[in-house]
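**Student:** sharing a model that was predicted from the sequence below.
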Amino acid sequence: MTTLLITHPCFLEHDTGPGHPERADRMRAVDKVMGHEMFAALDRREAPLRADVEQAIALAHPQAYIDMLKEARPAQGAMAVRIDPDTVLSPGSWEAATRAVGAGLLAVDEVMSKRAGNAFCQVRPPGHHAEADRAMGFCLFNSVAIAAKYARAKHGAERVAVVDFDVHHGNGTQDIFWSDKDLFFGSTHQMPLYPGTGALSETGVGNICNAPLRPGDDGEPFREAFESRILPALRNFAPDLVLVSAGFDAHRDDPLANLELVEADFAWVTQQLAEEAHRHAGGRLVSFLEGGYNLTALARSVAVHVKVLMEAGS
């Protein structure tokens with residue numbers, strides 16, 4: 001089986017405005033590196049605009065919230081709307097956000113049905129800060145949380161895990177999973193840093209495992225956090241499906257935070273998660289692009305992440 005890569009040109013049309021770090025050039029940088037011959041074996045698909053996408057979104061977000069965003073979207077040619085100081089809804093954002101969700105649904109369908117070994121969803125806007133009823137932190141819909149709930153509803157997965165190594169805590173995923181013992185959320189992230197959540201004491205119903213890192217931490221404490229906290233908790237949970245919020249803004253060159261990770265650290269953590277997916281979930285793993293704002297560091301980090309997925313899925 002091959003690794004599935006899902007993306008779409010519409011992700012370039014989510015226009016966040018001049019100077020915004022979560023910009024269309026992020027997709028162009030990843031597109032360029034994914035064009036290298038080493039990625040020729042990827043099974044490439046376009047993120048679909050699915051008829052069931054709103055029904056799937058409603059698994060994680062209340063209908064009133066979905067309707068609010070739908071009504072707030074500006075018409076083609078109109079000015080973008082700011083949901084909060086960081087989060088933008090432009091004329092192209094609704095299609096991008098719903099196709100990002102659709103990418104996750106397609107990836108879950110293919111991986112759960114064993115038509116793909118694993119999958120990487122190269123999407124934007126990111127999703128892990130979107131709480132059940134609140135858009136924030138560049139995020140509109142929480143694609144990874146929606147995918148987790150969809151895997152249970154559509155494919156009968158009993159236990160779904162999300163592991164998040166973005167430098168910013170995935171408060172939205174934690175919020176949506178908080179009271180559900182059959183959904184696991186594990187996160188490494190810098191603390192203190194936006195959005196201010198992710199303390200060790202935040203444990204939900206025993207299904208939340210946070211491992212905050214200090215500004216300036218490099219690969220050694222990052223790996224130790226995984227080996228001592230995240231991976232043991234993930235093994236104990238024994239998921240049927242592993243989802244990854246793959247943010248690459250913990251890279252030492254990223255402008256939005258202060259961790260010191262390098263590409264080798266992202267390759268290492270991807271390998272660890274792939275091994276856990278093979279141990280418990282028949283290799284079933286779907287990764288979602290979250291943050292990463294230095295274009296060179298992002299492209300190189302995605303490249304090592306996808307390369308490890310390809311090796312694990314073959």
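**Tutor:** Received, thanks. Residues are numbered from 1 along each chain as shown.
**Student:** paired strands for the lowest-mean-pLDDT helix or strand in the chain, with orientation please.
**Tutor:** When each helix and strand of the chain is scored by mean pLDDT, DSSP states H and E, strand 81-84 comes last, with a mean of 94. Strand pairing for strand 81-84, determined by DSSP bridges: strand 87-89 (antiparallel).
**Student:** contacts for the partner strand, please.
**Tutor:** 14-17, 20, 69, 72-74, 80-83, 135-140 (CB atoms under 8 Å, 6 or more residues apart in numbering). No exception for glycine: its C-beta is placed from N, CA and C like everyone else's.
**Student:** which among these end up buried?
**Tutor:** Buried members of the contacts of strand 87-89, counted by 16 or more other CB atoms under 10 Å: 14-16, 69, 73, 80, 83, 135-140.
**Student:** keep only those of those residues that are in helices.
**Tutor:** Under the assignment DSSP state H, these contribute residue 69 to helices.
**Student:** and which of the buried ones among the contacts of strand 87-89 is nearest to residue 224?
**Tutor:** Distance to residue 224, by CB to CB, is smallest for residue 137 among these, at 26.7 Å.
**Student:** which residues touch that closest one?
**Tutor:** 86-87, 126, 129-130, 168, 171-172, 194-195.
**Student:** how about the helices of the stretch 1-150 of the chain, start to end?
**Tutor:** 25-34, 53-57, 63-72, 93-112, 143-155 (DSSP state H, counting those that start in this stretch).
**Student:** which of the ones you listed sits closest to residue 294?
**Tutor:** For these, the distance to residue 294 is smallest for helix 25-34, at 9.3 Å, taking CB to CB.
**Student:** with just CA atoms, put that closest one into PDB.
**Tutor:** This file holds the C-alpha atoms of helix 25-34, laid out as PDB (Å, rounded to 0.1, in the frame of the first residue of the first chain):
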ATOM      1  CA  ASP A  25       2.900  30.600   0.100                       C
ATOM      2  CA  ARG A  26       3.000  27.800   2.700                       C
ATOM      3  CA  MET A  27       1.100  25.600   0.200                       C
ATOM      4  CA  ARG A  28       3.400  26.700  -2.600                       C
ATOM      5  CA  ALA A  29       6.500  25.800  -0.500                       C
ATOM      6  CA  VAL A  30       5.100  22.300   0.300                       C
ATOM      7  CA  ASP A  31       4.000  21.800  -3.300                       C
ATOM      8  CA  LYS A  32       7.500  22.500  -4.500                       C
ATOM      9  CA  VAL A  33       9.200  20.000  -2.300                       C
ATOM     10  CA  MET A  34       6.400  17.300  -2.900                       C
END
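**Student:** ok, and what's touching that helix?
**Tutor:** By CB under 8 Å, 6+ apart, helix 25-34 touches 5, 7, 11-12, 39, 42, 122, 124, 289, 292-293, 295-296, 298-300, 302-303, 306.
**Student:** identify each buried residue in it, please.
**Tutor:** Going by neighbour count (16+ other CB under 10 Å), the buried part of helix 25-34 is 26-27, 29-30, 33-34.
**Student:** now swap in stretch 223-230 and tell me
**Tutor:** Counting neighbours by 16+ other CB under 10 Å, stretch 223-230 gives 223, 225-226, 229-230 as buried.
**Student:** which pair of those residues spans the longest distance?
**Tutor:** Spatially, the most separated pair among these is 223 and 229, at 11.2 Å (CB to CB).
**Student:** OK, contacts around residue 225?
**Tutor:** Here residue 225 is in contact with 188, 211, 213 (CB under 8 Å, 6+ apart).
**Student:** pull the number of nearby residues for residue 110.
**Tutor:** 21 (other CB atoms under 10 Å).
**Student:** surely it touches residue 120?
**Tutor:** No: using CB atoms under 8 Å, residue 110 is not in contact with residue 120; the gap is 11.8 Å.
**Student:** now do the shared contacts for these two.
**Tutor:** Contacts common to residue 110 and residue 120, judged by CB under 8 Å, 6+ apart, are residue 4.
**Student:** and the buried residues of stretch 223-230, which is closest to residue 103?
**Tutor:** residue 230 (24.7 Å).
**Student:** the closest one belongs to a helix, doesn't it?
**Tutor:** Yes: note on residue 230: a helix contains this position according to DSSP: H, G, I helix; E, B strand; the rest coil.
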